[in-house]
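# Give me a 3D structure for the following:
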Amino acid sequence: MTSSSAPSRKSLSKIACNRLQKELAEWQVNPPAGFKHKATDNLQRWVIEVAGAPGTLYANETYQLQVDFPEHYPMEAPQVIFLHPAPLHPHIYSNGHICLDILYDSWSPAMTVSSVCISILSMLSSATMKQRPADNDHYVKNCRNGRSPKETRWWFHDDKV
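You can find the predicted model right below:
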């Protein structure tokens, strides 16, 4: 992804900074299984390595998530995308955008980066076949000018994957 696909970068509020520093400290002591935070000096953008769970279609595969935090995190959801190459999955577009309700309509300030990561790993683990969403080409074409996945009106209808 290019920097043009990043959300507008307003600096984090004091509440967001405090919350993220707390989450990062907790992560360093007790990271969720299968995830590694790649150290950077940017609290507003995290890059997280994801290891596919054993016994799933994604076992022995590694991907990277980019998590961009908005000014008013945790009252507003972070933008979470897979960096290239994104896994082949019915809810993950080739540009890395993820169709997962907790990243949009069902976000709650009680959620953390760890809980989001666990939900994404669960979504990956429950896949029964590796394929792109049916509308992948159309969607990606419409996102070419750096459109954020948060600008998409997602339709959450598949509770099996």
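
# now the strands: where do they sit in the protein?
Here the chain has its strands, by DSSP state E, at 35-38, 45-51, 62-68, 79-82.

# So which of the ones you listed has the densest surroundings on average?
Ranked by mean neighbour count under mean count of other CB atoms under 10 Å, these are led by strand 79-82, which reaches a mean of 23. (C-beta placed from N, C-alpha, C; glycine too.)

# if we can go back for a sec, can you list the strands of the chain in TSV and add distance to residue 27 and mean pLDDT?
Compiled in TSV, the strands of the chain are given as follows (distance: least, CB to CB, whole Å; pLDDT from 0 to 100):
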stretch	distance to residue 27	mean pLDDT
strand 35-38	6	93
strand 45-51	9	96
strand 62-68	11	97
strand 79-82	15	96
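
# If you count neighbours, what's buried in stretch 101-110?
Buried residues in stretch 101-110, counting neighbours by 16 or more other CB atoms under 10 Å, are found at 102, 103, 104, 107.

# Kindly list the longest helix within this protein.
Looking across the chain with DSSP state H, the single longest helix is helix 14-29.

# Convert the C-alpha atoms of that one to CSV, please.
Presented in CSV, the C-alpha positions along helix 14-29 are these (Å, rounded to 0.1, in the frame of the first residue of the first chain):
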residue,chain,number,x,y,z
LYS,A,14,-3.8,12.4,24.6
ILE,A,15,-6.4,9.7,25.3
ALA,A,16,-5.4,7.8,22.2
CYS,A,17,-1.6,8.1,23.0
ASN,A,18,-2.2,6.8,26.6
ARG,A,19,-4.3,4.0,25.4
LEU,A,20,-1.9,2.9,22.7
GLN,A,21,1.1,3.1,25.1
LYS,A,22,-0.8,0.9,27.5
GLU,A,23,-1.8,-1.6,24.8
LEU,A,24,1.8,-1.7,23.5
ALA,A,25,3.2,-2.3,27.0
GLU,A,26,0.7,-5.2,27.5
TRP,A,27,1.5,-6.6,24.0
GLN,A,28,5.2,-6.7,24.9
VAL,A,29,4.5,-8.7,28.1
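
# Alright, I will stop here.
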